[in-house]
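# this is a predicted model, with the sequence first.
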Amino acid sequence: MTIKQLTQKLQEIYKGSPWHGASLTTQLSNIPAEHYTKGVGASQKSIAHLLEHMLAWRQLAIEVLKGNKTCDITLNSKMDWPEPKPVGQPKAYYLSKLEESQEELLALLNTKSEDWLKEQTPNKTYQNEFLLQGIVEHDLYHSGQIGIFNSLLKD
């Protein structure tokens, strides 16, 4: 995959017209604000939990893009699943944080060469291309979960 293709995929899922339906921002914009912090199911995870998790992995990718060789996230840790921030307007907060991460991710990605994609990701056994493809897939996966959470909260 090329930088251009990764950029297009990140943009399409985030704010475009993906084949599967609504983009992440369209979906989040249509969710009532009160649904962001309500727990769902036995885990009592909320949409805000999912967004914190997505932002954590986006931040890891941003740090890798910046050249930070010490960044890492341990799976199933507090870094992997941070607690939601106690903010007055969670919907506005998370839409803003996602927009910031999207802009930074794309700006940094567009400074990289195609060769950079083939370099090994610090502290990982895979290449940078795999990490960024993973961010695309991760956003898409959790976007689906967000849709399910919202549906369950409507009942």
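Happy to help now that I have it.
# low-confidence ranges in the chain?
Counting by pLDDT under 70, the chain shows low-confidence ranges at 155.
# what do you get if the cut-off is 90, keeping everything else the same?
Filtered on pLDDT under 90, the chain yields the residue ranges 18-21, 41-43, 85-87, 123-124, 154-155.
# ok, which stretches of it are helices?
For the chain, the helices defined by DSSP state H cover 3-15, 24-29, 47-66, 90-109, 114-117, 128-154.
# can you redo the ones you listed as JSON lines with distance to Val40 and mean neighbour count?
(C-beta placed from N, C-alpha, C; glycine too.) JSON lines is the format used below for the helices of the chain (distance: least, CB to CB, whole Å; neighbours: other CB atoms under 10 Å):
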{"stretch": "helix 3-15", "distance to Val40": "22", "mean neighbour count": "17"}
{"stretch": "helix 24-29", "distance to Val40": "15", "mean neighbour count": "17"}
{"stretch": "helix 47-66", "distance to Val40": "8", "mean neighbour count": "20"}
{"stretch": "helix 90-109", "distance to Val40": "15", "mean neighbour count": "17"}
{"stretch": "helix 114-117", "distance to Val40": "36", "mean neighbour count": "14"}
{"stretch": "helix 128-154", "distance to Val40": "5", "mean neighbour count": "17"}
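# many thanks, I have nothing further to ask.
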